[in-house]
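With the sequence up front, the predicted model follows.
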Amino acid sequence: MDFKLLVRFQDVHLRYGSGPDVLHQVNLTLAPGSFHFMVGPSGAGKSSLLRLMYLAHRPSSGRLSIFGRDVSQQDRKELTMLRRRIGIIFQDFRLLDHLTALENVALPLTITGQSLDKVRRNVSELLSWVGLADYLDAKPPTLSGGQQQRVAIARAVIARPSLLLADEPTGNLDDKIAERLLFLFEELNKRGTTIVVASHNEGLVNRFNHPVFKIVNGEVRLIRNQQNSPVTPTAENM
């Protein structure tokens, strides 16, 4: 095992119940501090691959290692500790309706024992950065879909996770805000966070100089190492 790798898939398959493979023979590695986009049509398996990385599912077969730990050998408590190093932005936001925007964003910090008063300033600055300075006390039901998405993004990055997984994070945002948020991801990446962004918006993806994986029919391929540099599929990146 190479402990310098943050994520490693080795011949991983994933199926739900007795159904067919959703993902098959995935061989994929992510180095610490890398930034990758993941593209592919709806239903191709992008969300399923992210769920594996977030430890919401275990592989049906094959080997998956996160932070140098073989997922299959970790108990529930150990998996919980690993998840605390991972930030996740879901398509459906998963905000708590009874909490304000500020309280939702602060949640990853307050559940570790930090007081809301202590983290309020950092949370307020982050919400201001994503354009929600006037909505600190607003609750999710009063916010638009795009505003809720920005709250979810702020919540995912507030604790500066080692690994940030974003499932269509710009889907409900206009291009200007979408680019701004991707620039935020790049700033986090420069500080050491490994980033994986799943997106169907290949036009937006192509404005950024990062490697791109494509999922088609459950197969994961590296199609670009850097801007305008396509990859010829080989046994190593198939």
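Thanks, I have the structure now. In this text, all values refer to a predicted model and were calculated from it rather than measured experimentally. Numbering: from 1, shown residues only.

low-scoring stretches of this structure, by residue?
Counting by pLDDT under 70, the chain shows low-confidence ranges at 1-3, 226-238.

hey, which helix is longest across the protein?
Secondary structure of the chain per DSSP state H: the longest helix is helix 175-190.

same for that one, what does it pack against?
Helices and strands touching helix 175-190, by 3 or more CB pairs under 8 Å, 6 or more residues apart in numbering; DSSP states H and E, are strand 35-39, helix 145-157, strand 163-167, strand 194-198, helix 202-205. Quick note: C-beta positions are derived from backbone N, CA and C, even for glycine.

Which of these sits closest to Leu52?
Counting by CB to CB, Leu52 lies closest to strand 163-167 out of these; the figure is 10.0 Å.

Just the residues contacting the closest one, thanks.
Strand 163-167 is contacted from outside by 6-7, 30, 46-47, 50, 53-54, 66, 85-91, 153, 156-157, 185, 188, 193-198, using CB atoms under 8 Å, 6 or more residues apart in numbering.

One more pass at 6 Å, please.
Contact partners of strand 163-167, identified using CB atoms under 6 Å, 6 or more residues apart in numbering, comprise 47, 50, 53-54, 86-91, 193-198.

measure the residue nearest the centre of the chain to Ile86 for me?
With distances taken as CA atoms, centre = their mean, the residue of the chain nearest its centroid is Leu165 (0.8 Å). As judged by CB to CB, to the nearest Å, Leu165 and Ile86 stand 7 Å apart.

Likewise for Gly171?
Applying CB to CB, the value for Gly171 to Ile86 is 20 Å.

What of Gly203?
Distance, Gly203 to Ile86, using CB to CB: 28 Å.

do Arg155 as well
Distance from Arg155 to Ile86, by CB to CB: 13 Å.

which one of the two has more residues nearby?
Under the criterion of other CB atoms under 10 Å, the comparison of Arg155 against Ile86 puts Arg155 first, with 27 against 19.

so where do the helices sit in this protein?
Ranges of helices in the chain, per DSSP H, are 46-53, 76-83, 101-110, 116-129, 145-157, 175-190, 202-205.

Show me what Met38 is bridged to.
For Met38, the beta-bridge partners under DSSP bridges are Ala198, Phe213.

That one is in contact with Ser48, isn't it?
No. Using CB atoms under 6 Å, Met38 is not in contact with Ser48; the gap is 11.0 Å.

Look at these two and report which has more neighbours.
Taking neighbours as other CB under 10 Å, Met38 and Ser48 compare with Met38 leading, 25 against 19.

quick one: contacts for that one?
Shown in contact with Met38 (CB under 6 Å, 6+ apart): Lys46, Ala198, Phe213.

mind listing what the last one touches?
In other words, Phe213. Phe213 neighbours (CB under 6 Å, 6+ apart): Met38, Val220, Leu222.

now the first one
Residues in contact with Lys46 (CB under 6 Å, 6+ apart) are Met38, Gly40, Ala198, Ile215.
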